[in-house]
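K.L.:
sequence first, then the predicted structure:
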Amino acid sequence: MKPTPASHLGAFLRARRAQLDPQECGLPATDSARRVTGLRREEVAALAAISVDYYTRLEQGRVRASAPVLATLARALRLDDDQQRYLYELAGRTDERPRRRRASQRLRPAMRRLLDQLARTPALVLGKRLDILAWNQAAAALYIDFAAVPADRRNYLRLLFTEPAMRELDLDWEHDARDAVAALRLEAAADPEDPELARLVGELAIQDADFRTWWAEHRVNSAAYGTKHYRHPVVGDLTLDCDTWAASDGSGQRLMVLTAEPGSPSHDALSILASWTAKAADTEVNR
């Protein structure tokens, strides 16, 4: 029997997933031996945010992939430009291949100035997909050292689910994590074909059962403001107002600021944290 284009596509998908290292794709390490080389079918499906059954039928040549699915598969399988072109050719969708990569997110100068002026107030600039584009020292002192996190992993939602220090800090972690998932759901509706978003969703769906459940609920929330209850290892309990302002230029960038009522214990604790951070920075500079 003569091989069909669909069977060639399935062979390419199988060969490519066998070439990938699970940990380099963001999958957790396990003590048990893996029975297959590279990624399993279910892992590719999760990274591409499609069902295992649908992906299995793709490999078996029993269904034709849509252009959005090809885009997420290209990202999940970490295909370079030549491999992406080959993928679309095998799928018979060369005319639907994206011609341009999405532009990288660039921090707006005005946002940088605002961060610099909020020296004693924790503040972050969030981009698309809740990526953390910038922060001030107060935010790093409150949360974690964001500079120590690789740039491609520096995402508020990812850290909320995968960074133990972020979980331990947040006394209302479940409530705040669900709100963050709902905020990402709302953003996904605006750009459902974003491969970076599909990669993030797939990664977290594999790693966390709560995320899988909450993502499937399709709850949406702009999460523009709220109250955060934290227990910080240096200054203790904090009750902070969290407000988020969106840039008016359509960039999708948002300034997230955490403040406390003047004269409150939380306000005093933030001042102590800011002073502690400044002293630590001076010590580092003078070494």
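P.N.:
Thanks, I have it.
K.L.:
got the contact list for Asn155?
P.N.:
Contacts for Asn155 were tallied using CB atoms under 8 Å, 6 or more residues apart in numbering; they are Arg129, Leu130, Asp131, Ile132, Leu200. Heads up, the C-betas are built off the backbone N, CA and C, glycines and all.
K.L.:
in the residues you listed, find the pair that's most separated.
P.N.:
Within the contacts of Asn155, Ile132 and Leu200 form the most distant pair, 12.8 Å apart (CB to CB).
K.L.:
just to revisit the earlier point, redo the contacts of Asn155 as TSV? Include pLDDT and distance to Arg16.
P.N.:
Below are the contacts of Asn155 laid out as TSV (pLDDT from 0 to 100; distance: CB to CB, whole Å):
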residue	pLDDT	distance to Arg16
Arg129	93	24
Leu130	95	29
Asp131	96	26
Ile132	97	30
Leu200	93	20
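K.L.:
dump those residues into TSV; add secondary structure and neighbour count as well.
P.N.:
Shown next, in TSV, are these (DSSP: H, G, I helix; E, B strand; the rest coil; neighbours: other CB atoms under 10 Å):
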residue	secondary structure	neighbour count
Arg129	helix	21
Leu130	helix	23
Asp131	strand	21
Ile132	strand	22
Leu200	helix	22
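K.L.:
and of the residues you listed, the nearest to Arg120?
P.N.:
If you rank these by distance to Arg120 using CB to CB, Ile132 comes first, at 19.7 Å.
K.L.:
how much space between the closest one and Ser7?
P.N.:
Per CB to CB, to the nearest Å, Ile132 is found 43 Å from Ser7.
K.L.:
now swap in Phe146 and tell me
P.N.:
Distance from Phe146 to Ser7, by CB to CB: 46 Å.
K.L.:
what's the answer for Val235, then?
P.N.:
Distance, Val235 to Ser7, using CB to CB: 62 Å.
K.L.:
higher neighbour count, those two?
P.N.:
Under the criterion of other CB atoms under 10 Å, the comparison of Val235 against Ser7 puts Val235 first, with 20 against 16.
K.L.:
quick one, what contacts the more buried one?
P.N.:
The contact partners of Val235, taken as CB under 8 Å, 6+ apart, are Ala269, Leu270, Ile272, Leu273, Trp276.
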